[in-house]
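**Student:** have a look at this prediction, sequence included:
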Amino acid sequence: MAMKRFLGGLILAAGLGMALLSPAPPAAAAEAVKPSTFEVEAEGQVVAKPDKAVMNFSVVTDGAQAQEAAQANAREAEKFLAAVKKALGPEDKVQTLDYRVFPLFRTKEQVRGKEKLRTDEIAGYRAFHRFKVELQDLGKIGAVSDTALKNGASQVQGPFFSHSQEEDLQRQAAVKALERARKLAEVLAAKAGLKLSRVLKIRTSHTLRPREFAALKAAPAGAPEVETPIEVGDLTFQTRLVVTFELAP
């Protein structure tokens, strides 16, 4: 029995010794061979007419006291809302973006001996109420703007155009960019005596170029009644892709 245990120990020791003496596999054989790659950059774009617009209108009033400025603004804002809502379509919207009442300062100079002292003092108060108008009918932009300026609004920003299917248009631009990238890669690879295998990686960068217009202003008093002309431009959706291709062996 003791002899069997002794022989078993010898066999185990011999096995461990063989394992320790066996050569390890080369590091290069353990690692996967990295494929050769080819990288190109291409851009795709889709042009579409906008189908909605946003305009911002501000009602601004001044007063000697904060309450006076606020009350005057409330009257003008009420007039603005009543008139603009009549000009809007059933799917158009108007909402408050910002409302503030703040002091207006003027600088006062005082001479004391050889020194000039400047101090700021409150000269009055201003109330500012900004509204956002969303339009689905782009043909109403000029009329809505004119109506707003005649009924309390003194500042206009916009129109800012957009599209209801922006995500789909951006995807279309991405597909075009990928098609151009593949064609470009095939041409360049063929010129270099190479052959493409598959796409390994795609990096994207999206750019949207909305067409914006300068702020509109109220016409001078006594000017002839002419509706503000608005020229609706195009929206360009662009996608730039950096595509990495694997080269065939």
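**Tutor:** Happy to help now that I have it.

**Student:** correct me if wrong: residue 198 contacts residue 246.
**Tutor:** Yes: if you go by CB atoms under 8 Å, residue 198 and residue 246 touch, sitting 5.2 Å apart. For every residue, glycine as well, the C-beta is placed using N, CA and C.

**Student:** between those two, who's got more neighbours?
**Tutor:** residue 246 (15 against 9; other CB atoms under 10 Å).

**Student:** that one should be in a strand, yeah?
**Tutor:** Yes: counting by DSSP: H, G, I helix; E, B strand; the rest coil, residue 246 falls inside a strand.

**Student:** gap between it and residue 196?
**Tutor:** The gap separating residue 246 from residue 196 is 7 Å, by CB to CB, to the nearest Å.

**Student:** give me the common contacts of the two.
**Tutor:** With contacts defined as CB atoms under 8 Å, 6 or more residues apart in numbering, the residues adjacent to both residue 246 and residue 196 are residue 38.

**Student:** tell me where this structure has helices.
**Tutor:** 2-21, 27-30, 66-87, 141-150, 166-191 (DSSP state H).

**Student:** nearest to residue 44, out of those?
**Tutor:** Closest to residue 44 of the helices of the chain is helix 166-191 (CB to CB; 3.0 Å).

**Student:** helices and strands around the closest one, which ones?
**Tutor:** Helix 166-191 is packed against strand 37-48, strand 196-209, strand 235-247, with contacts defined by 3 or more CB pairs under 8 Å, 6 or more residues apart in numbering; DSSP states H and E.

**Student:** lowest-confidence stretch among these?
**Tutor:** Note on these: lowest mean pLDDT is at strand 196-209, with a mean of 82.

**Student:** thanks a lot, see you next time.
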